[in-house]
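Chemist: Dropping the sequence and predicted coords here.
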2 protein chains.
Amino acid sequence: MIVQKYKDMLKGKSVIRQLSEFATARGEEIGYENVFDYSLGNPSVPVPQEFTDVMIDMLQNCDPMELHGYSQSLGIPSVRRAIAQSLNKRFGMNYTENHIFMTTGAAGAIAHAIRCVTRQGDEILTFAPYFPEYNPYVNLSGAVLKVVPANVEDFQINFDAFEEMLTDKVMAVLINTPNNPSGIVYTTETIKKLAALMSEKSKEYGHDIFLISDEPYREIVFEGTDAPYISKFYSNTLSCYSYSKSLSLPGERIGYVAVNPECADAEYITNMCGQISRGTGHNCPPSIIQLAVSKVLELTSDLSVYEKNMNILYKELTSLGFECVKPGGTFYMFPKALEEDATAFCEKGRKYDLVMVPSDTFGVKGYFRLAYCIDTDKVERSLEAFEKFVKAEYR
Amino acid sequence: MIVQKYKDMLKGKSVIRQLSEFATARGEEIGYENVFDYSLGNPSVPVPQEFTDVMIDMLQNCDPMELHGYSQSLGIPSVRRAIAQSLNKRFGMNYTENHIFMTTGAAGAIAHAIRCVTRQGDEILTFAPYFPEYNPYVNLSGAVLKVVPANVEDFQINFDAFEEMLTDKVMAVLINTPNNPSGIVYTTETIKKLAALMSEKSKEYGHDIFLISDEPYREIVFEGTDAPYISKFYSNTLSCYSYSKSLSLPGERIGYVAVNPECADAEYITNMCGQISRGTGHNCPPSIIQLAVSKVLELTSDLSVYEKNMNILYKELTSLGFECVKPGGTFYMFPKALEEDATAFCEKGRKYDLVMVPSDTFGVKGYFRLAYCIDTDKVERSLEAFEKFVKAEYR
């Protein structure tokens, strides 16, 4: 018989997907260029040409048996070495290839990291607002996700609530900075305070508490923002990275876990990831993509459009009276809705062809997310719609 | 703290990997061309040129945002449709795209299939000799793998033992035909008998028993061999396929689950796979590889070398006095060792630079596996070594 728990999951429909479907349907009526679709977090700028050139060059000139051959289950050694060296150079770390485990994006990385450090029933804490996929990521592993309420002042960490929830049952803390959905970046001060508290509690409880740092937006940081490399501040850190956003390759499923060399049992963790992978389906990222990415490690797509879009939107929305913590990175912002019920607010916005995601789905009430990874031209054309919307509905 | 069960797995070292490491080390001494390395099941013929051409064409001419964009979590609809149509045409099935779930190879397919139909503690039966990775595949999912003893007559199914082990606790049966390591193909008669017994027991126990059919060697079938399409004989079949062998793309991690349209709850299963994937790391295969494979579905690598190698080896080994069931497909054969202890036998062979895998690792005693996916020239040069080995050690 089929397994009921997975069948039951089919009933719930993602709010974001429903909104995206609305945007598509509405686009068929009035032309998609006239739908101000801020629902989906998909990169809107192409992969660097160098990546494409490297791919073509390998396909034309490499031995196909080597190019498409089995990668070692931890990833191709030369690729892991190149990533370690690049991280060391940029962030002053001491990774070797033995600390890098290649994964199918950040989701794959988190799946392995969770299983390395939590058993059935162990708790993992994360902080609202948070990426809702953390629920299946954690709960289907057998661990239990608990969400620390938001600090709505500035979307840094609500330390009082965190300390209260950081009990003996907590084996890992899962953070995401730069953050989806708020767009904020944890400051050095926040990270230091987080690390200090986790160290203190690890000692008190007599067991390690791991920091799982989800970093797909690491390269999308705006001018003047303090964006510390998390692992520098806390040894027991497993950094989960994806090239989906920085290289605009979400469909190619490539990322990694980087294990802090000072981490407890650092010498076992990537090899344990290899064992975990045997249970979840040998989900090594594709060899040709591993090889191609390793040759463009210092490049990113032209990410400047996201900052440009953010500035345009931030200026307009604040001048319309929205409260909003200014994003330090990502391609999201998270303003306060103009009424308590964010779902009602977003529904009204749809009358003006503004597609926004209510904050409930991110574990906070009364806000909405804009994913401004769309053409700047469309962002500019949406300003009039925001103005009409606010004036007609809330003045 | 890190999780002990994965750490403990690091102690066991794969026999096949150790042998492969021996072959590599010995190759450094005497030249790898002089090591008759029959240890590893890696394709030895390149991907068809058409695949490479399609890849280059897409990289040169497609919009990179579409080419590298997120695939739907079940796979790209046009790819799933193309696969369904190809299977229907070849095997007289009635798949639609809704019955196809794209995976990272057969390992990914099996990981999803297992989780669809078994809960914690449920039993899955497989048949010796069997691919040893089935142990972590099944046991790390929470289900329990039980191995039905071999029918050493012809390596078809030992039905007496199977019937005895097919208790109420068994929720799925995992088969692999054409088979690694024996190279045999289950006959239509075997499949019909298997299906009849599973149907009978399903009725008796009042619950479905699913057939998980692992088919990475489906396209490697030798002349005159009866190789039925399994799913035609039993509705509750989840076929797990990989392009690793047929297209020589093991590193690119692509395959699928094909759900028989007549299967119980067929309308839910691929969507359930999508939910399962959220828990194991959104391990969708890479979009560019999905698209490229969908354009060469009717092609395979030049697989004829495997049959050629088999014929050469079979003739030589039987003339040397080995007992061996003649393979009907794959690139493996599984002769009886010349002494009871297969490990001792294979160790002696290494003196003659013959690298063979003892059968214990496949759940049978007294046999050995030859993976003859190597150059025919090397196969021919190995014959002298086999002769020397047998004459010196066993005459």
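Modeler: Alright, I've got the coordinates.

Chemist: What residues does the stretch 51-200 of chain A have near chain B?
Modeler: Taking Cβ under 8 Å from any Cβ of the partner chain as the criterion, the stretch 51-200 of chain A approaches chain B at residues A:52, A:55-56, A:59-60, A:63-65, A:67-71, A:103-105, A:107-112, A:115-119, A:133, A:136-137, A:139-141, A:171. The way it works is simple: take the backbone N, C-alpha and C, and place the C-beta from them, glycine included.

Chemist: show me the contacts for whichever residue of the stretch 251-395 of chain A sits closest to chain B.
Modeler: Nearest residue of the stretch 251-395 of chain A to chain B: A:G279, at 2.6 Å (Cβ to the nearest Cβ). Shown here is A:G279, whose contacts under the criterion Cβ atoms under 8 Å, 6 or more residues apart in numbering or on different chains are B:A111, B:P136, B:Y137, B:N139, B:L140, B:S141.

Chemist: how about 6 Å then?
Modeler: B:P136, B:L140 (Cβ atoms under 6 Å, 6 or more residues apart in numbering or on different chains).

Chemist: Quick check: it is in a helix.
Modeler: Yes: under DSSP: H, G, I helix; E, B strand; the rest coil, A:G279 sits within a helix.

Chemist: can you tell me the helix or strand for the spatially most central residue of chain A?
Modeler: When Cα atoms, centre = their mean is applied to chain A, the residue found nearest the centroid is A:P216 (4.6 Å). In this assignment (DSSP states H and E), A:P216 forms part of neither any helix nor any strand.

Chemist: Could you report the pLDDT at it?
Modeler: According to the predicted model, the pLDDT of A:P216 comes to 98.

Chemist: Just the strands from chain A, written as ranges.
Modeler: All strands of chain A, identified by DSSP state E, fall at A:36-37, A:100-103, A:123-127, A:144-148, A:170-176, A:210-214, A:237-242, A:255-259, A:332-333, A:354-355, A:357-358, A:368-371.

Chemist: As TSV, these with mean neighbour count and distance to B:L299 would be great.
Modeler: Converted to TSV, the strands of chain A look like this (neighbours: other Cβ atoms under 10 Å in any protein chain shown; distance: least, Cβ to Cβ, whole Å):
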stretch	mean neighbour count	distance to B:L299
strand A:36-37	24	39
strand A:100-103	29	29
strand A:123-127	24	46
strand A:144-148	18	45
strand A:170-176	24	43
strand A:210-214	28	40
strand A:237-242	27	32
strand A:255-259	28	31
strand A:332-333	26	43
strand A:354-355	22	42
strand A:357-358	26	43
strand A:368-371	27	40
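
Chemist: Using CSV, lay out these together with distance to B:T225.
Modeler: Written out in CSV, the entries for those read as follows (distance: least, Cβ to Cβ, whole Å):
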stretch, distance to B:T225
strand A:36-37, 54
strand A:100-103, 38
strand A:123-127, 51
strand A:144-148, 51
strand A:170-176, 51
strand A:210-214, 50
strand A:237-242, 45
strand A:255-259, 42
strand A:332-333, 57
strand A:354-355, 56
strand A:357-358, 56
strand A:368-371, 54
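
Chemist: Which of these sits closest to B:A195?
Modeler: strand A:100-103 (38.6 Å; Cβ to Cβ).

Chemist: Identify the residue spatially nearest to the residue nearest to the centre of chain A, adjacent ones excluded.
Modeler: If the residues on either side of it in the chain are set aside, A:P216 comes closest to A:S242, at 4.2 Å by Cβ to Cβ, 6 or more residues apart in numbering or on different chains.

Chemist: what is that neighbour paired to in the beta sheet?
Modeler: In this structure, A:S242 has the following beta-bridge partners (DSSP bridges): A:G255.

Chemist: Hmm, A:Y256 and it touching each other?
Modeler: No: in this structure A:S242 lies outside contact range of A:Y256 using Cβ atoms under 6 Å: 8.4 Å.

Chemist: circling back: can you pull the contacts of the residue nearest to A:P216?
Modeler: A:G105, A:A106, A:P216, A:G255.

Chemist: What about the first one, how many residues nearby?
Modeler: Yep, that's A:G105 we're talking about. Here the count is done by other Cβ atoms under 10 Å in any protein chain shown, and A:G105 has 29 residues near it.

Chemist: what about it, distance to A:I254?
Modeler: Distance from A:G105 to A:I254, counting by Cβ to Cβ, to the nearest Å: 6 Å.

Chemist: Tell me the spacing between the residue nearest to A:S73 when sequence neighbours are not counted and B:Y229.
Modeler: Taking Cβ to Cβ, 6+ apart as the measure, A:S73 lies nearest to A:G274, with 4.5 Å between them; neighbours along the chain are not counted. The spacing between A:G274 and B:Y229, counted by Cβ to Cβ, is 34 Å.

Chemist: Helices along the stretch 251-395 of chain A, start to end?
Modeler: In the stretch 251-395 of chain A, helices defined by DSSP state H, counting those that start in this stretch lie at A:266-280, A:287-294, A:304-319, A:342-350, A:376-394, listed in chain order.

Chemist: what's the answer for the stretch 51-200 of chain A, then?
Modeler: Assignment of helices within the stretch 51-200 of chain A using DSSP H, counting those that start in this stretch yields the ranges A:64-67, A:77-91, A:105-117, A:134-139, A:159-165, A:188-205.
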